[in-house]
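Peer 1: Provided below are the primary sequence and the corresponding predicted coordinates.
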Amino acid sequence: MSIRKLRLTILVVILVGLVAVFAWERLSIQKVSAEDKTVYEQLQVFSDVLDIVQENYVEEADSKELVEGAISGMLKTLDPHSSYLNPDAYKELQVETKGSFGGIGIEITIRDGFLTVVSPLEGTPADDLGIEASDQILRVDGEPTKEMTLMEAVKKMRGPKGTKVVLTIMREGFTKPKDFVITRATIAIKSVRAETLEPGYGYLRLSQFQSTTARDLRQALTKLEKENQPMKGLILDMRNNPGGLLDQAVKVSDEFIDEGLIVYTGGRLKSQDMRFEAHTNTRPHHYPIVVLVNEGSASAAEIVAGALQDHKRAVVVGVETFGKGSVQTVMPLRNGAALRLTTSLYYTPSGRSIQAKGIEPDIVVERELPRKRDDERGRLRVIREEDLKNHMDGEGKTESGAKPEPTQDSERKQQLKSDNQLARALEVLKSWEILSQMKYAHE
């Protein structure tokens, strides 16, 4: 073939290729134009509205605030957990996962259109004053919460230590809403607490999942196992645990599971699907476990409960959990803000969805409350001899007539006496040990 013909052939191939590319791009543009025409029209409407407001509003409007308000409103139409985090809110979120922030100490969500308490955080002003899981917050400092976003509500409830905030609460059993005046404090939460209930039986409380929870749990287990040799059983208490970091929930589950799936996620996009597997532990924990849950156990707490339940590694005791089984991905933006966007759902190893369903306990145990009027919490409990004026003390007295100091053992007995769910969990562990020693268990 001559050089001239070769060049002509190459030129034709290039032209054909370019025509094909241009044709494909034109078809793609037509397709995109057909599919997204409505979106582009709506964006034009948004631009028109922005121009009209800036030119005609009675006061000069801040364009940045208008755009941020529009973004917040857009995310509000999705689900209760998706939101726009301005730079200050994004910084607060990062601080919160480290376990220290200023506020009153509650985890909140939006349920049936109402701002609702998922759970009070243990040992915080809200917990001490009697705020409970499932309480509906109707107003914050007199302002209705009906149209508030979660981040707006959080911002209003946070504040400097020593300042006050008024929450107007409606609760099942209330005849009318009640105001709770709460003094803010620095919320420094210790996510793990451990103690020995009786010789051989340990108690481990997880109040939420922070960046150091898994490490602190391992240290607590080491201490409990040294105190109790042999260790006969463990109660893992995750009541009113609002959740927290996913990686910590996976690590906590992994501590008790040697192999298999812990949790997986499923979303609209393939990239949002994740699977988390267990690893063989260098220090296994060969003893029975009872997990305590209630309606305030949510998110990461439900992941742990579901994983241990599916692997037959623990008996779950209590009541049905909250049912927050959605994954929020925080996506930083160029202006220092971020999007908190729901991207997928959690599933337990057996394929159960947690979302809006929660974890069903193996043994249902409702919390029994005392039945004498308690003005702070609005509860009732039975009047006992000890409540009568000038009642006689039945406990022994010292020679000087003073009552003896309460011992750690007596405090634990009182704890079991006042907490029927905890007492039932201990009974399950003891029954477990007794049944395992019976003859038929080995045949």
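Peer 2: Sure, I can see it. Predicted model, so just to flag it, every value in this text is computed and none were measured.

Peer 1: Could I get the average pLDDT for the helix or strand where Asp254 lies?
Peer 2: Under the criterion of DSSP states H and E, Asp254 resides in helix 246-256. Helix 246-256 comes out with an average pLDDT of 96.

Peer 1: ditto for stretch 328-347
Peer 2: Averaging pLDDT residue by residue across stretch 328-347 gives 93.

Peer 1: ditto for stretch 194-211
Peer 2: 94.

Peer 1: Quick one: low-confidence residue ranges for the protein.
Peer 2: Scanning the chain for pLDDT under 70 picks out 1-36, 95-100, 369-408, 410, 439-443.

Peer 1: Would you mark the buried spots in the helix holding Asp254?
Peer 2: 246, 248-256 (16 or more other CB atoms under 10 Å). For glycine as for every other residue, the C-beta is placed from the backbone atoms N, C-alpha and C.

Peer 1: what's the offset of the strand or helix carrying Gly102 from the middle of its chain?
Peer 2: In the assignment (DSSP H and E), Gly102 maps to strand 100-103. Relative to its chain's centre, strand 100-103 lies at 17 Å (CA atoms, centre = their mean, to the nearest Å).

Peer 1: what do you get for stretch 138-150?
Peer 2: 21 Å.

Peer 1: Would you mind measuring the gap between the ends of that stretch?
Peer 2: Stretch 138-150 has an end-to-end distance of 13 Å (criterion: CA to CA, to the nearest Å).

Peer 1: Phi, psi for Val319 please.
Peer 2: Here is the backbone geometry of Val319 (degrees, to the nearest 10): phi -130, psi 170.

Peer 1: ok so, going back, now the angle between helix 246-256 and the helix or strand that the helix holding Asp254 is followed by, please.
Peer 2: Next along the chain after helix 246-256, taking DSSP H and E as the criterion, comes strand 261-267. Interaxial angle of strand 261-267 relative to helix 246-256 (axes from the mean of the first three to the mean of the last three CA atoms, to 10 degrees): 150 degrees.

Peer 1: So for strand 261-267, what gets flagged as buried?
Peer 2: So for strand 261-267, counting by 16+ other CB under 10 Å, buried means 261-265, 267.

Peer 1: And for stretch 353-370?
Peer 2: 354, 358-359, 361, 365.

Peer 1: ok, which stretches of the stretch 151-300 of the chain are strands?
Peer 2: Ranges of strands within the stretch 151-300 of the chain are 164-170, 178-183, 185-188, 192-198, 201-206, 233-237, 261-267, 274-277, 289-293, based on DSSP state E, counting those that start in this stretch.

Peer 1: And the contacts of the fourth one?
Peer 2: Identification of contacts with strand 192-198 by CB atoms under 8 Å, 6 or more residues apart in numbering yields 202-207, 213, 216-217, 219-221, 223-224, 227-228, 235, 412, 416, 426.

Peer 1: Now which of those residues would you call buried?
Peer 2: 202-207, 213, 216-217, 220-221, 224, 228, 235, 416, 426.

Peer 1: Closest to Val39 out of those?
Peer 2: Nearest to Val39 out of these is Thr213 (CB to CB; 42.1 Å).

Peer 1: Quick check: the closest one vs Ile106, distance?
Peer 2: 19 Å (CB to CB, to the nearest Å).

Peer 1: Could you do Val45 as well?
Peer 2: 39 Å.

Peer 1: With Leu85 instead?
Peer 2: Applying CB to CB to Leu85 and Ile106 gives a distance of 19 Å.

Peer 1: Ok, Leu115 next?
Peer 2: 10 Å.

Peer 1: same thing with Glu433?
Peer 2: With CB to CB as the criterion, Glu433 and Ile106 are 38 Å apart.

Peer 1: Check Val39 too.
Peer 2: Taking CB to CB, one finds Val39 at 38 Å from Ile106.

Peer 1: In terms of neighbours, single out the busier of the two.
Peer 2: Ile106 (26 against 9; other CB atoms under 10 Å).

Peer 1: and Val45, how many neighbours?
Peer 2: Look at Val45: counted by other CB under 10 Å, it has 10 neighbours.

Peer 1: Which helix or strand contains it?
Peer 2: Applying DSSP H and E, one finds Val45 within helix 3-56.

Peer 1: now Lys413
Peer 2: With DSSP H and E as criterion, Lys413 is part of helix 408-418.

Peer 1: Tell me the buried residues in that helix?
Peer 2: So for helix 408-418, counting by 16+ other CB under 10 Å, buried means Leu416.

Peer 1: by contact count, what packs against it?
Peer 2: With contacts taken as 3 or more CB pairs under 8 Å, 6 or more residues apart in numbering; DSSP states H and E, helix 408-418 sits against strand 192-198, helix 420-437.

Peer 1: let's go with 7 Å and repeat that
Peer 2: Using 3 or more CB pairs under 7 Å, 6 or more residues apart in numbering; DSSP states H and E as the contact test, the elements touching helix 408-418 are helix 420-437.

Peer 1: And the helix it packs on, what's buried?
Peer 2: In helix 420-437, counting by 16+ other CB under 10 Å, buried: 421-422, 424-426, 428-430, 432.

Peer 1: biggest strand in this protein by residues?
Peer 2: When the chain is parsed with DSSP state E, its longest strand is strand 338-347.

Peer 1: How about the contacts made by the most centrally placed residue in the chain?
Peer 2: Residue closest to the mean C-alpha point of the chain, counted by CA atoms, centre = their mean, is Gly243 at 2.6 Å. By CB atoms under 7 Å, 6 or more residues apart in numbering, Gly243 lies in contact with 208-209, 298-301, 324.

Peer 1: so what's the backbone phi/psi at it?
Peer 2: Dihedral angles for Gly243 - degrees, to the nearest 10 - are phi 110, psi -140.

Peer 1: and the closest residue to it other than its chain neighbours, what does it touch?
Peer 2: With CB to CB, 6 or more residues apart in numbering as the criterion, Gly243 has its nearest non-adjacent residue at 2.7 Å, and that residue is Ser299. For Ser299, the contact set (CB under 7 Å, 6+ apart) comprises 242-243, 324.
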